[in-house]
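Asker: return a 3D structure for these sequence lines:
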Amino acid sequence: VPAFHAEKFGMGRTELGVNLYSRKVLIESKPQDLLPEWLRFMKGAVDSEDLPLSLSREKPQNSALLGRIKDVLTRKLLRFFADNMKNDFSGYKEFYLEYHMYLKEGACQDYKFMEPLSKLLLFESSAKDAGDV
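Answerer: Numbering: from 1, shown residues only. Sure, this is the predicted structure:
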């Protein structure tokens with residue numbers, strides 16, 4: 001997870017930053033269907049041993065495997081965020097203050113992951129100081 005994002009400075013929409021590899025060979029740089037749109041702040045690489053490729057070897061075939069990879073990656077990231085929230089709340093709070101708009105966007109748009117995302121959201125309360133989530 002990057003330390004900051006440029007969208008808050010008005011730099012335009014961040015593009016997806018995860019690359020797809022098969023057997024350590026770059027297949028596609030920043031594919032649009034590897035992660036949900038609300039996780040566009042993530043950076044990294046995904047390497048799959050059993051990814052079927054088309055004959056041109058430029059684009060992966062549309063298969064159920066890509067959908068499964070997307071679901072697994074999203075679940076792992078949500079679990080990582082939840083564990084981070086439980087084990088290191090101050091660190092999660094810093095992350096949340098930087099990336100809360102992405103999580104809220106996902107909770108509104110991604111029905112499949114709405115429930116685990118809603119558990120990650122923090123809100124201000126009248127019982128706490130102003131600005132404290």
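Asker: so where is this structure shaky, pLDDT-wise?
Answerer: In the predicted model, the chain carries pLDDT under 70 at residues 2-13, 52-63, 131.
Asker: how about 90 then?
Answerer: Along the chain, the parts satisfying pLDDT under 90 run over 1-34, 40-43, 46-69, 98-99, 123-133.
Asker: in it, where's the longest helix?
Answerer: Criterion DSSP state H: the longest helix present in the chain is helix 64-87.
Asker: can you give me the helices in this structure?
Answerer: Along the chain, the segments classed as helices by DSSP H run 64-87, 89-109, 114-118.
Asker: make TSV out of the ones you listed and add distance to Leu35 and mean neighbour count.
Answerer: All C-beta atoms are positioned from the backbone trio N, CA, C, and that covers glycine. What follows is the helices of the chain, written out as TSV (distance: least, CB to CB, whole Å; neighbours: other CB atoms under 10 Å):
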stretch	distance to Leu35	mean neighbour count
helix 64-87	6	14
helix 89-109	11	15
helix 114-118	14	15
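Asker: those helices: which one's closest to Glu37?
Answerer: Nearest to Glu37 among the helices of the chain is helix 89-109 (7.3 Å), distances taken as CB to CB.
Asker: what comes into contact with that closest one?
Answerer: Residues outside helix 89-109 that contact it (CB atoms under 8 Å, 6 or more residues apart in numbering): 1, 3-5, 7, 36-41, 81, 84-85, 113-114, 117-118, 120-122, 133.
Asker: now with 6 Å?
Answerer: 4, 38, 41, 84-85, 114, 117-118, 120, 122 (CB atoms under 6 Å, 6 or more residues apart in numbering).
Asker: list just the nearest of the residues you listed to Asp47.
Answerer: Phe41 (20.7 Å).
Asker: distance of the closest one relative to Leu122?
Answerer: Look at Phe41 and Leu122: by CB to CB, to the nearest Å, they are 17 Å apart.
Asker: give me the more crowded residue out of the two.
Answerer: Per other CB atoms under 10 Å, whichever of Phe41 and Leu122 has more neighbours is Phe41, with 20 against 15.
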